[in-house]
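>>> make a model of this:
(one chain, ligands or ions: 2)
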Amino acid sequence: MKRQVAIIGAGPAGLLLGHLLKSEGIDCVVLERQSPDYVLSRIRAGVLEQGTVAMMERLGLDARMKAEGLPHDGFNLADGERLIRIDIKALTGKQVMVYGQTEMTRDLMDAREARGLEVIYQASDVALHDIESDTPSVTYTKDGAEHRIEARIIVGCDGFHGPSRQAIPASVARHFERVYPFGWLGILSDVPPCNHELIYANHERGFALASQRSHTRSRYYVDVPLTEKVEDWSDDRIWDELAIRLGPDAAAHITRGPSLEKSIAPLRSYVFEPMRHGSLLLCGDAAHIVPPTGAKGLNLAASDVHYAAEALIAFFGRNDAEAVISYSDKALARVWKSERFSWSLTRLMHRFPEDGPFERRMQVAELDYIASSEAAQRSIAENYVGLPV
Ligand code: APR
Ligand code: PHB
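Numbering: from 1, shown residues only. Ligands and ions are numbered 1, 2, ... in the order given. Predicted coordinates for the structure are as follows:
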């Protein structure tokens with residue numbers, strides 16, 4: 001099989017890129033290890049930057065998002081006593097869209113046949129070959145048969161554990177990582193949200209986040225030591241902890257209910273450089289991970305896809321080799337700025353084991369400064385809604 005582009009991974013990055021390339025007449029195929037149901041079963045965050053929404057609008061795949069998504073004009077920081085509202089609409093003129101990432105992936109999946117996007121699911125043993133040449137290829141096994149795709153460009157959208165990043169030689173690879181000393185215990189429940197906007201809280205006892213999927217489905221998190229086991233956290237224990245950490249105003253509006261899903265996820269900041277080597281480009285979690293504090297994971301994947309699509313459209317449409325060569329530097333410039341925001345908000349909103357009374361006072365003082373400074377709020381707002389691509 002010959003294609004102009006072979007994309008590995010049919011998560012949000014791979015599907016978004018596949019649709020964008022297909023819409024520009026670029027011949028591509030997406031290879032996915034799992035089944036469609038498995039991909040949709042992954043519980044993921046759901047705050048979309050305006051740029052991500054714009055990409056779905058460009059594809060004409062924004063109808064359900066507009067019908068079911070929740071446009072938010074602001075969000076809140078809480079210090080255990082009060083809510084500090086960041087009015088992102090007034091400060092930036094933009095909104096964010098609260099819409100489950102799984103739903104965006106579903107919209108991209110559902111459109112693949114109508115748009116003629118070829119996605120091969122349950123493709124196992126995917127391997128990359130000759131990525132430093134102009135004639136790279138990808139091999140995989142499907143239904144017991146070996147297959148090879150000859151492509152001019154391969155794009156690794158295969159997440160943190162996929163094979164693409166590993167295909168780049170150690171001699172050129174640079175890794176940057178911070179592993180956080182806590183995880184997020186998340187609970188999903190069919191109860192109305194406690195607030196119409198998100199609340200990120202830094203309480204003496206730790207971090208909490210009140211988020212939502214709809215007017216009737218809520219998503220909450222508390223941070224826990226990495227030694228904790230989810231089975232040690234009953235629903236009631238989680239609701240009790242949320243009521244304390246989110247503060248009295250929010251607690252008064254929490255509706256308790258049974259958990260539909262409950263899990264602990266570790267937090268890390270990670271960046272791999274370069275995001276291009278030879279004929280291989282990397283997008284999304286294949287190249288970087290952010291702590292979920294800034295809700296940047298999916299949005300950073302979307303901005304990589306924007307740059308990758310731009311480069312490949314120029315490459316195949318105008319024979320512009322420089323567009324592909326400059327992809328990594330362009331994507332990384334925005335990656336690092338999102339990494340910084342996610343790291344800084346994580347640092348501000350969590351209690352670190354090594355922190356003493358002085359560090360706690362620094363956090364309280366910074367929240368107090370944010371509460372009193374429009375400039376500080378504007379800085380947070382412009383990062384939260386997404387810096388320009
Ligand atoms: N072969 C084929 N597919 C693979 C392989 C492989 N060897 N390894 C992984 N994959 C697939 C996974 O099954 C998954 O569907 O690649 C896809 C990667 O998707 P994500 O992990 O969702 O990564 P990405 O598309 O970059 O999304 C980035 O969205 O997942 C959220 O917030 C999360 O930050 C993340 C963001
Ligand atoms: C979520 O709704 O799951 C969510 C929202 C915002 C975040 C992280 C997770 O920063």
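
>>> check contacts around whatever residue of the stretch 1-150 of the chain ends up closest to ligand 2.
In the stretch 1-150 of the chain, no residue comes nearer to ligand 2 than Ala45, which is 3.5 Å away by C-beta to the nearest ligand atom. All C-beta spots, glycine's among them, are computed from the backbone N, C-alpha and C. Neighbouring residues of Ala45 by C-beta atoms under 8 Å, 6 or more residues apart in numbering: 101, 211, 292, 295, 297-298.

>>> so which of those residues are in strands?
Ser211 (DSSP state E).

>>> show me where the stretch 1-150 of the chain has its helices.
12-23, 36-41, 50-59, 63-68, 88-92, 101-110, 112-115 (DSSP state H, counting those that start in this stretch).

>>> wait, which of those is closest to Gly156?
Among the helices of the stretch 1-150 of the chain, helix 12-23 comes nearest to Gly156, with 9.0 Å by C-beta to C-beta.

>>> show me what contacts the residue in the stretch 51-200 of the chain positioned nearest to ligand 1?
Proximity of the stretch 51-200 of the chain to ligand 1 (C-beta to the nearest ligand atom) peaks at Gly159, 2.8 Å away. For Gly159, the contact set (C-beta under 8 Å, 6+ apart) comprises 9, 11, 284-286.

>>> restrict the contacts of Ala45 to contacts with ligand 2.
With C-beta under 6 Å from any ligand atom as the criterion, these include 211, 292, 295 near ligand 2.

>>> follow-up on the earlier one: do you know which of the helices of the stretch 1-150 of the chain lies nearest His196?
helix 88-92 (13.2 Å).

>>> now rank the ones next to ligand 2 among the contacts of Ala45 by neighbours and give me the top one.
Neighbour counts for the ones next to ligand 2 among the contacts of Ala45 peak at Ala295, which has 25 neighbours (criterion: other C-beta atoms under 10 Å).

>>> what about the closest residue to Met275 other than its chain neighbours, which helix or strand?
Nearest non-adjacent residue to Met275, counting by C-beta to C-beta, 6 or more residues apart in numbering: Ser328, 4.1 Å away. Element membership of Ser328, judged by DSSP states H and E, is helix 327-349.

>>> any idea of the pLDDT on whichever residue of the stretch 51-200 of the chain sits closest to ligand 2?
Closest contact between the stretch 51-200 of the chain and ligand 2, by C-beta to the nearest ligand atom, is at Leu198 (5.9 Å). On pLDDT, Leu198 comes in at 97.

>>> neighbours of it, how many?
By other C-beta under 10 Å, neighbour count at Leu198 equals 22.

>>> now do the contacts for it.
47, 72, 75-76, 98, 209-212.

>>> of those residues, closest to Ser137?
For these, the nearest to Ser137 is Val47 (37.7 Å; C-beta to C-beta).

>>> Gly100 and Gly317, how far apart?
According to C-beta to C-beta, to the nearest Å, Gly100 stands 34 Å off from Gly317.

>>> neighbour count winner among these two?
Gly100 (23 against 12).

>>> quick one: Ala308 is in a helix?
Yes - Ala308 forms part of a helix when assessed by DSSP: H, G, I helix; E, B strand; the rest coil.

>>> so it sits against Ser326, correct?
No - using C-beta atoms under 8 Å, Ala308 makes no contact with Ser326, being 11.5 Å away.

>>> and the strands in the stretch 201-350 of the chain?
All strands of the stretch 201-350 of the chain, identified by DSSP state E, counting those that start in this stretch, fall at 206-212, 218-224, 261-273, 276-277, 280-282, 288-289.

>>> need the winner for burial among these.
Most buried of those by mean neighbour count (mean count of other C-beta atoms under 10 Å) is strand 280-282; its value is a mean of 28.

>>> returning to that earlier point: nearest to Ser218, of the ones next to ligand 2 among the contacts of Ala45?
Closest to Ser218, out of all of the ones next to ligand 2 among the contacts of Ala45 and judged by C-beta to C-beta, is Ser211, at 7.2 Å.

>>> give me the nearest residue to that closest one, chain neighbours excluded.
Arg219 (4.3 Å).

>>> is ligand 2 within reach of stretch 366-385?
No - Stretch 366-385 lies out of reach of ligand 2 by C-beta under 6 Å from any ligand atom, never closer than 9.0 Å.

>>> can you tell me the distance between the two ends of that stretch?
This stretch, stretch 366-385, spans 20 Å end to end (C-alpha to C-alpha, to the nearest Å).

>>> any idea of the pLDDT on the residue of the stretch 101-250 of the chain found nearest ligand 2?
Nearest to ligand 2, among the residues of the stretch 101-250 of the chain, is Ser211, at 3.2 Å (C-beta to the nearest ligand atom). Predicted confidence (pLDDT) at Ser211: the value is 97.

>>> now it: how far from Thr139?
The separation that Ser211 has from Thr139, given C-beta to C-beta, amounts to 41 Å.

>>> for this protein, what lies in contact range of ligand 1?
8-14, 31-34, 39, 44-45, 101, 123, 126, 157-159, 161-163, 284-285, 297-298, 301.

>>> which non-adjacent residue is nearest the most centrally placed residue in the chain?
When C-alpha atoms, centre = their mean is applied to the chain, the residue found nearest the centroid is Gly297 (1.8 Å). Closest residue in space to Gly297, ignoring its immediate chain neighbours: Val290 at 5.6 Å, by C-beta to C-beta, 6+ apart.
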